[in-house]
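Student: here is the input, now give the coordinates:
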Amino acid sequence: MRILVVEDDIQIADMLTEALINRQYTVDVAQDGELAWEYIETYEYNLVLLDVTLPKVDGLRFCQKLRGSGEGSASKNRNRSISVLMLTARDTIADKIIGLDAGADAYMVKPFDLEELLAQVRALLRRRDSVSRSQLCWGNLCLNPDTFEVAYGNKPLRLTPKEYALLELLISNGRRVLSRPGIIERLWSIDESPTEEAVKTHIRTLRQKLKAVGAPDSIIETVHGLGYRMKQLDYPPEIPPISR
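Tutor: Prediction:
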């Protein structure tokens, strides 16, 4: 999951970024509305944490543009489906109504409780998905996106945050082939500059850890010249085999 933090207060932006990265999200930060819009047009985001009072383009205008209702509005349908959590010191009922009418999905007043904000993030991301994220499985391999626990059968699998994010991305896309540049774009932030070799290294380590808990060697397939995908199952991925 990729989140854009649009916040001109560096201390708040740093706090949010650290908390989100610790919970396995990929995070980019923009300190003004213009830069944030450049990011929106370049990368695919699942959620935007949006301050209202911003330089250049304020949060209300940004949100209206994102939803396709403001001046210079966006035409891309995917922008309209991005969840928006608006953060502001404006705490009147009228301010909240204005923010929600601008297109925000939720509205939190500063100063906010960090754990409550993270709960709102989880709720918005769950709401965005048409399929419940309580568990994500591919055969005997299951991930719990709420707890970040992974297991193959009854054997727990310990993964680094990036390995977890990579496996979640692969399972979510199933038989769809993901290129190395595409994986980098989804799992690494703008401030990071990994090479395609970094993706190959993570895939190799992930395969080794999966094999150690009994998963087939080829559970992650390499499609030569194209990228990676999950191996075809003999049964639908949403119906894991029954243990005997």
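Student: so which bits of the longest helix seen in the chain are buried?
Tutor: Counting residues, the longest helix found in the chain (DSSP state H) is helix 196-212. Within helix 196-212, the residues scored as buried using 16 or more other C-beta atoms under 10 Å are 198-199, 202-203, 206-207, 209-210. Placement of C-beta: from N, CA and C, glycine included.
Student: how about the closest residue to Ala106 other than its chain neighbours, phi and psi?
Tutor: Spatial nearest neighbour of Ala106, excluding adjacent residues (C-beta to C-beta, 6 or more residues apart in numbering): Leu85 at 4.9 Å. For Leu85, the backbone dihedrals are phi -110, psi 110 (criterion: degrees, to the nearest 10).
Student: thinking again about what came up before, and of the buried residues of helix 196-212, the nearest to Arg126?
Tutor: Among the buried residues of helix 196-212, Leu206 lies closest to Arg126 (C-beta to C-beta), at 25.2 Å.
Student: so what's that closest one up against?
Tutor: 159, 163, 166-167, 220 (C-beta atoms under 8 Å, 6 or more residues apart in numbering).
Student: related to what we said a few turns ago, any idea what the residue nearest to Ala106 is bridged to?
Tutor: On the basis of DSSP bridges, Leu85 is bridged to Leu49, Ala106.
Student: confirm Ile3 sits in a strand?
Tutor: Yes - assessed with DSSP: H, G, I helix; E, B strand; the rest coil, Ile3 lies in a strand.
Student: distance check, it against Thr17.
Tutor: Ile3 sits at a distance of 9 Å from Thr17 (criterion: C-beta to C-beta, to the nearest Å).
Student: okay, the residue nearest to Ala106: pLDDT?
Tutor: Looking at Leu85, its pLDDT stands at 96.
Student: dump the contacts of Leu206 to JSON lines, plus distance to Glu41, neighbour count and secondary structure.
Tutor: Output for the contacts of Leu206, formatted as JSON lines (distance: C-beta to C-beta, whole Å; neighbours: other C-beta atoms under 10 Å; DSSP: H, G, I helix; E, B strand; the rest coil):
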{"residue": "Leu159", "distance to Glu41": "32", "neighbour count": "22", "secondary structure": "coil"}
{"residue": "Glu163", "distance to Glu41": "30", "neighbour count": "18", "secondary structure": "helix"}
{"residue": "Leu166", "distance to Glu41": "25", "neighbour count": "23", "secondary structure": "helix"}
{"residue": "Leu167", "distance to Glu41": "29", "neighbour count": "25", "secondary structure": "helix"}
{"residue": "Ile220", "distance to Glu41": "31", "neighbour count": "21", "secondary structure": "strand"}
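Student: pLDDT and distance to Asn140 added to those, as JSON lines?
Tutor: What follows is these, written out as JSON lines (pLDDT from 0 to 100; distance: C-beta to C-beta, whole Å):
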{"residue": "Leu159", "pLDDT": "92", "distance to Asn140": "16"}
{"residue": "Glu163", "pLDDT": "92", "distance to Asn140": "18"}
{"residue": "Leu166", "pLDDT": "94", "distance to Asn140": "19"}
{"residue": "Leu167", "pLDDT": "94", "distance to Asn140": "14"}
{"residue": "Ile220", "pLDDT": "95", "distance to Asn140": "14"}
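Student: of the residues you listed, closest to Gly33?
Tutor: Leu166 (31.6 Å).
Student: contacts only, for the closest one.
Tutor: Per C-beta under 8 Å, 6+ apart, neighbours of Leu166: 183, 187, 199, 202-203, 206.
Student: what does Ile203 give?
Tutor: Ile203 is in contact with 166, 220, 222, 228, counting by C-beta under 8 Å, 6+ apart.
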